[in-house]
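Q: Structure of the sequence below:
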Amino acid sequence: MGEEITQKIQQLLLMHDTIPQEVIDKKNIKLGLRNADGSGVKVGITAKGTCIGYDMIEKDGKRVKQPLPGKLFYANRDVEKIISGLELEKRFGYEEVVFLLLSGELPNETELEQFKDEIGRRRKLTRAERNILVQEAENYNQIYVLHSAIAHLGRCDVAADSSNLGDIINQCINIIAKLPTMITSGYNFTRFKNGGDLIMVVPDEDMCTAENFLYMINGEKPDTYDAMLFDKLLILHAEHGGGSNSTFVVRTVASSGANTYMALGAGVSSLSGHLHFGSDQSVIEMMRAMKKKLKKTDREKDVRNYILSILDKKSGDRSGQLHGFGHAVYTISDPRSIILKNYADEYSRQKGRIEDFHLFAMVEEMGSEILSERFNTPICANVDFYSALLYNLMGIPDDLFTPIFAMARMAGWSSHRIEQRQEGKIIRPAYIMPDNYLKEYPLNRK
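A: Presented below is the predicted three-dimensional model:
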């Protein structure tokens, strides 16, 4: 009986929930909050971050996209210049970027040291916070673990539901500080539950975010080069404007008056969807399958044919998607991918895996060419492509790729949560019914 009624509901919803394209066009519905040309509908304004990948120009009486080289800005600072400055000075910078995103200004030396000290002091988990992660050890997905843990953190905060701006800022800093410890502890608890060794490492207050994360995975102090490279990965994932699904979810939930834990936890839950993230893990799985299939990976013809077979749903995960390619904004290039490609070249040589980099570079070139030709528009490799290779070269488990994104992006999410609180207006887009629906099913029918 249960299966019968389920099938009946399924049949009815397929009939009523499938809206014809002509209705969408007639009503000028912006599905996915996207315009007809694929650009996002403008629903807000933010001073936190923005990405540029095209311009809108008039052509033959229509507004069309003009592809541009990609650019990314954090609080009006060019991210490429942030990275090059840190490289020149040979220092860590993620905490400085967090301060920039939260406040809108770069800290002076005294402010930066105070901020870094505060984050270091807050990294340790309380007994209650550790118990939350122990309870999640049965969870097979580390993003599910993280989502649940952040939601439950509110139980450990007497001011969890406060709308005071100072309390909200304090909560955001607290979560940013604890996230590396939560992710590594949650992973280690789950690994132990599945038969592995129990590795429990207390965070070092004197280490930065990047150093602590690598340290807490296996209990060994990381190589300085590795930690600085990981620091740059965190910076490049820290923010991307208000339009990404996870950031928009954070702003939407925050706009209702929900507390910080619910709003930031919603951003994490968005990452569980395959359409939004998990791509860097899919990239490394795709490339492993390619290496296994091809045996020799230096033959351009074989690599090209394999890419085509992926797109034709004959190889890989049969999704027809070349993972690590395409972006809602970037067209000609993703500036983050360009930066990471250079690091991947150097780092793969250090690790004795230059052949892996050469394969990635070949797939990037051929994949962009094939996709751009198929869809008649420039399509480039995105940040996930080379970040996947770099995480793999560092020995980071695949299961942690997406939680690392959440850890990095918590800076951006927090800044948007605060900004949305200041805007103070609940987000409520409009949905309409087809013209004939109420005529067919009058509300007063008996």
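Q: rest of the way, CA atoms for contacts and neighbours
A: Will do.
Q: What is the helix or strand containing Met262 packed up against?
A: Assigned by DSSP states H and E, Met262 belongs to helix 260-270. Other helices and strands packing on helix 260-270, by 3 or more CA pairs under 8 Å, 6 or more residues apart in numbering; DSSP states H and E, are helix 142-153, helix 165-193, helix 245-255, helix 401-423.
Q: helix or strand right after the second one?
A: The first helix or strand that comes after helix 165-193 along the chain, using DSSP H and E, is helix 209-218.
Q: which secondary structure elements does that following helix contact?
A: Contact analysis of helix 209-218 by 3+ CA pairs under 8 Å, 6+ apart lists helix 94-103, helix 165-193, helix 224-236 as its packing neighbours.
Q: Now do the first one and helix 401-423, the angle between them.
A: What that stands for is helix 94-103. 30 degrees (axes from the mean of the first three to the mean of the last three CA atoms, to 10 degrees).
Q: can you list contacts of helix 94-103?
A: With CA atoms under 8 Å, 6 or more residues apart in numbering as the test, helix 94-103 has contacts from 48, 74-75, 105-107, 112, 115-116, 208-210, 231-232, 234-235, 238, 411-412, 414-415, 418.
Q: Mark out where each domain of this protein begins and ends.
A: 72-273+400-423, 279-394 (automatic domain parsing).
Q: so can I have a markdown table of the ones you listed showing mean pLDDT?
A: Putting those into a markdown table (pLDDT from 0 to 100) gives the following:
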| stretch | mean pLDDT |
| --- | --- |
| domain 72-273+400-423 | 93 |
| domain 279-394 | 94 |
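Q: could you dump these to CSV with distance to Ile29?
A: Formatted as CSV, the domains of the chain follow (distance: least, CA to CA, whole Å):
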stretch, distance to Ile29
domain 72-273+400-423, 18
domain 279-394, 19
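Q: Export those as a markdown table, with columns for mean neighbour count and distance to Ile432.
A: Shown next, in a markdown table, are these (neighbours: other CA atoms under 10 Å; distance: least, CA to CA, whole Å):
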| stretch | mean neighbour count | distance to Ile432 |
| --- | --- | --- |
| domain 72-273+400-423 | 19 | 20 |
| domain 279-394 | 18 | 26 |
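Q: quick one, which of these is nearest to Ile57?
A: Smallest distance to Ile57 across the domains of the chain (CA to CA): 15.2 Å, for domain 279-394.
Q: now the end-to-end length of that closest one.
A: In domain 279-394, first residue to last residue: 18 Å (CA to CA, to the nearest Å).
Q: Now Gly40, what are its backbone angles?
A: Note on Gly40: backbone dihedrals following degrees, to the nearest 10 are phi -80, psi 140.
Q: Beta-bridge partners for it, please?
A: In this entry, Gly40 is beta-bridged to Arg34, by DSSP bridges.
Q: ok, back up a step: and of the helices and strands packed on helix 209-218, who's closest to Leu271?
A: helix 165-193 (14.6 Å).
Q: by how many degrees do that closest one and helix 94-103 diverge?
A: 140 degrees.
Q: So which elements touch helix 165-193?
A: Using 3+ CA pairs under 8 Å, 6+ apart, the elements in contact with helix 165-193 are helix 109-122, helix 127-135, helix 142-153, helix 209-218, helix 260-270, helix 401-423.
Q: Adding distance to Leu68, write those out as CSV.
A: Formatted as CSV, these follow (distance: least, CA to CA, whole Å):
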stretch, distance to Leu68
helix 109-122, 35
helix 127-135, 44
helix 142-153, 34
helix 209-218, 32
helix 260-270, 29
helix 401-423, 24
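Q: ok, the closest residue to Pro335 other than its chain neighbours - how many residues close by?
A: Excluding the flanking residues, the one nearest Pro335 by CA to CA, 6 or more residues apart in numbering is Gly70, at 5.4 Å. Residues within reach of Gly70, counting by other CA atoms under 10 Å, total 20.
Q: who wins for proximity to Gly44 among the domains of the chain?
A: Of all those, domain 72-273+400-423 comes closest under CA to CA, at 8.1 Å.
Q: how about CSV for the helices and strands packed on helix 260-270, with distance to Gly40 added?
A: Listed next are those as CSV, based on distance: least, CA to CA, whole Å:
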stretch, distance to Gly40
helix 142-153, 27
helix 165-193, 28
helix 245-255, 11
helix 401-423, 18
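Q: just so I know, which of the ones you listed lies nearest Met262?
A: Closest approach to Met262 among these is made by helix 142-153 (5.8 Å; CA to CA).
Q: circling back: ok, the residue nearest to Pro335 touching Asp55?
A: No: applying CA atoms under 8 Å as the test, Gly70 and Asp55 come out as separate, 10.9 Å apart.
Q: Longest strand in this protein, please.
A: Assignment by DSSP state E gives strand 62-74 as the longest strand of the chain.
Q: Give me the angle between that one and helix 94-103.
A: Using the same axes, to 10 degrees: strand 62-74 against helix 94-103 is 120 degrees.
Q: what's downstream of strand 62-74, the next helix or strand?
A: strand 77-78.
Q: where's Glu3 relative to Lys48, distance?
A: In terms of CA to CA, Glu3 sits 49 Å off from Lys48.
Q: ditto for His274
A: Taking CA to CA, one finds His274 at 26 Å from Lys48.
Q: Between these two, tell me which one has more neighbours.
A: Legend: neighbour count by other CA under 10 Å for His274 and Lys48, higher for Lys48 (24 against 10).
Q: Out of the helices and strands packed on helix 260-270, which is closest to Leu125?
A: helix 165-193 (6.9 Å).
Q: Direction-wise, compare that closest one with helix 260-270 and give the angle.
A: Going by the same axes, to 10 degrees, helix 165-193 makes 50 degrees with helix 260-270.
Q: Quick check: Ala254 vs Val158, distance?
A: Relative to Val158, and taking CA to CA, Ala254 is found at 19 Å.
Q: OK, contacts around the nearest residue to Val329 once chain neighbours are set aside?
A: Closest residue to Val329 apart from its sequence neighbours, by CA to CA, 6+ apart: Gly53 at 5.2 Å. Applying CA under 8 Å, 6+ apart to Gly53 gives the contacts Pro67, Leu68, Pro69, Gly70, Lys71, Val329, Tyr330, Thr331, Ile332, Ser333, Asp334.
Q: Ok, Thr50 next?
A: In this structure, Thr50 makes contact with Leu72, Phe73, Tyr74, His240, Gly241, Gly242, judged by CA under 8 Å, 6+ apart.
Q: ok, the closest residue to Lys425 other than its chain neighbours - contacts?
A: Counting by CA to CA, 6+ apart, Lys425 lies nearest to Ser255, which is 6.1 Å off, once chain neighbours are set aside. Applying CA under 8 Å, 6+ apart to Ser255 gives the contacts Gln420, Arg421, Gly424, Lys425, Ile426, Ile427.
Q: same thing with Thr46?
A: Thr46 makes contacts with Gly241, Gly242, His416, Glu419, as judged by CA under 8 Å, 6+ apart.
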